[in-house]
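S.K.: Okay, structure incoming, though there's no sequence with it:
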């Protein structure tokens, strides 16, 4: 479990993270979302003790990161796949990292095989593609068989097979009872990967909870209806006090289920060409929620 | 032990550092062969003068040590190291130990190698090590190189950039120290307190001293070693303290 409590960090005059409190639960994949510059990477650096918070603290299974013995065996992290010496082979890169925490070389070969880099283990990392570097970074995170994992944008630069592979890997890791905390700006991918969400904007918490609750908050709920008898349907909907919008020759009805709409249309003699419930998407919910933060930012900048 | 092993793997797993290591040995050996092979009778072939080119090896080793520390910031591997060793200080001590040990070994090979090559190219010269000063000049290179390695790691930690820290150590050791001498009046006295001048007073040839008509050295050879060691250790400690406090 990762617990952040009132984390605050400024760099010069810029407040990167402000009073940020959240929890990432054991056995769940927690997605970490926010616009560019919202403070996601800073938060991860604070959790890992790379940067020192101005105030507040972060705990890993109840302990500050800097108090962990052999931390690779408790926390695995990939904050930036580019963190490697280009002249060093993948295997040597993992060997030195493993050595710091007394992890045997056998484990290096295991994780290389796990991420599909066994065939290029002796190739210099400078010749790796972005996708191969991501795999190397993930291998490094898995070295110590840790209970807690943090990934910053792990699917950047991966092909569709790679993206699916990461998704399955994260699910499997969480299913084994590990804490998985992952940031991504690819919302459709996140929707399929994360069970819980932490959303931040401008360094502050906007939402913490389950993915399902978050998506349920979206504005884009309702039923899409198309009919050649628009006037009849409009009258029927108005008489029954339904809330609806009209766009692109279709009605978008909210707060009324499709059964009821179908009955109303039948009674009004309106032929239906389409009657489809619309469930919210993570993307819509995210945009609804962060719009406020972004707009606030713009007005503040203008002022 | 784990950290020493990790730093050893780091140091010996890139081609650039192997190149530095090779150059740190071959450059002084080759130049010694040329210098003493071609030298006329005006250059006395003494044990001290076999070490004329040791400074070249020392400079290459300085480059190796500086890169060993600074490149970790350039490539982000220092952050990975701190993820693995959150206290940071043990990892930095391990790095200085490993790079220092390499310096010790290279210094020994350069000092003794130069002396051996001198014996080969000038078989008639009397190069036997008679005095304590002879022994110091040849074997003392090991200590000088070790301390130089620690200094390089310290500068790398302080400046955190390969380009910047290499420029600083190279411009300092190859240019500034020598140019200080030309400050009218006090220049020669300040020169005698420069770190690499100090290192050469402990172990190295003194071909230039008489020509430059420098004043009498303010310290003994062993005093100069202590002085040089203090500078190297101070830079390293400053680097460690700063790295421990700063955000990585």
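M.R.: Alright, I've got the coordinates. From a predicted model like this one, the values you see are computed outputs, not experimental measurements.
S.K.: Now do the same contact list for the residue of chain A most remote from its centre.
M.R.: Here chain A reaches farthest from its C-alpha mean at residue A:269, the gap being 46.4 Å by C-alpha atoms, centre = their mean. By C-beta atoms under 8 Å, 6 or more residues apart in numbering or on different chains, residue A:269 lies in contact with A:229, A:232. Glycine gets a C-beta too; all of them are placed from N, C-alpha and C.
S.K.: Tell me the spacing between it and residue B:202.
M.R.: Separation of residue A:269 from residue B:202 (C-beta to C-beta, to the nearest Å): 106 Å.
S.K.: do you know how far the residue of the stretch 101-250 of chain A found nearest chain B is from residue B:245?
M.R.: Residue nearest to chain B within the stretch 101-250 of chain A: residue A:102 (4.7 Å; C-beta to the nearest C-beta). Plainly put, residue A:102 is 27 Å away from residue B:245 if you go by C-beta to C-beta.
S.K.: Settle it for me: which of those two has more neighbours?
M.R.: residue A:102 (15 against 9; other C-beta atoms under 10 Å in any protein chain shown).
S.K.: What sits closest to that one if chain neighbours are left out?
M.R.: residue B:2 (4.7 Å; C-beta to C-beta, 6 or more residues apart in numbering or on different chains).
S.K.: and the one you found, what pLDDT?
M.R.: Note on residue B:2: pLDDT of 94.
S.K.: ranges for the helices of chain B?
M.R.: If DSSP state H is used as the criterion, the helices of chain B fall at B:2-12, B:15-38, B:54-74, B:77-84, B:89-121, B:132-139, B:141-159, B:162-171, B:177-180, B:187-191, B:195-202, B:208-212, B:221-245.
S.K.: how about the first one: buried residues?
M.R.: Taking 16 or more other C-beta atoms under 10 Å in any protein chain shown as the basis for neighbour counts, the residues of helix B:2-12 that come out buried are B:2-11.
S.K.: Report the angle between that helix and helix B:54-74.
M.R.: Angle of helix B:2-12 versus helix B:54-74, following axes from the mean of the first three to the mean of the last three C-alpha atoms, to 10 degrees, is 110 degrees.
S.K.: Tell me the predicted confidence for the residue farthest from the centre of chain A.
M.R.: 90.
S.K.: same deal with residue A:298?
M.R.: The model's pLDDT for residue A:298 equals 47.
S.K.: next one: residue A:292
M.R.: 67.
S.K.: Excluding chain neighbours, give the residue nearest to whatever residue of chain A ends up closest to chain B in space.
M.R.: Residue nearest to chain B within chain A (C-beta to the nearest C-beta): residue A:83, separated by 3.1 Å. With sequence-adjacent residues excluded and distances taken as C-beta to C-beta, 6+ apart, residue A:83 is closest to residue B:76, at 3.1 Å.
S.K.: That neighbour: how many residues sit nearby?
M.R.: Around residue B:76 there are 17 residues (other C-beta under 10 Å).
S.K.: what's residue A:70 in contact with, if anything?
M.R.: A:101-102, A:144.
S.K.: Show the end-to-end separation of stretch B:9-17, please.
M.R.: Terminal residues of stretch B:9-17 lie 12 Å apart, using C-alpha to C-alpha, to the nearest Å.
S.K.: typo on my end, it should be stretch B:183-201
M.R.: The first-to-last residue distance of stretch B:183-201 comes to 21 Å (C-alpha to C-alpha).
S.K.: what's the answer for stretch B:182-202, then?
M.R.: 23 Å.
S.K.: Residue A:10: neighbouring residues, count only.
M.R.: 14.
S.K.: which residue packs closest to it, ignoring adjacent ones?
M.R.: Looking at residue A:10 with C-beta to C-beta, 6+ apart, the closest residue is residue A:54, at 5.9 Å.
S.K.: ok, now which ones touch the one you found?
M.R.: Applying C-beta under 8 Å, 6+ apart, the residues near residue A:54 are A:8-10.
S.K.: wait, residue B:121 sits on residue B:39?
M.R.: No - shown here, residue B:121 and residue B:39 do not form a contact pair, counting by C-beta atoms under 8 Å, at 9.2 Å.
S.K.: What does residue A:243 show for phi and psi?
M.R.: phi -90, psi 130 (degrees, to the nearest 10).
S.K.: and it, what pLDDT?
M.R.: 86.
S.K.: So among the buried residues of helix B:2-12, where is pLDDT lowest?
M.R.: Lowest in pLDDT among the buried residues of helix B:2-12 is residue B:2, which has 94.
S.K.: Against residue A:112, how distant is that residue?
M.R.: Residue B:2 is 20 Å from residue A:112, by C-beta to C-beta.
S.K.: try residue A:54
M.R.: 39 Å.
S.K.: again with residue A:171
M.R.: 22 Å.
S.K.: So for these two, which residue has more residues nearby?
M.R.: Ranked by neighbour count (other C-beta under 10 Å), residue A:171 and residue A:112 place residue A:112 first, with 20 against 16.
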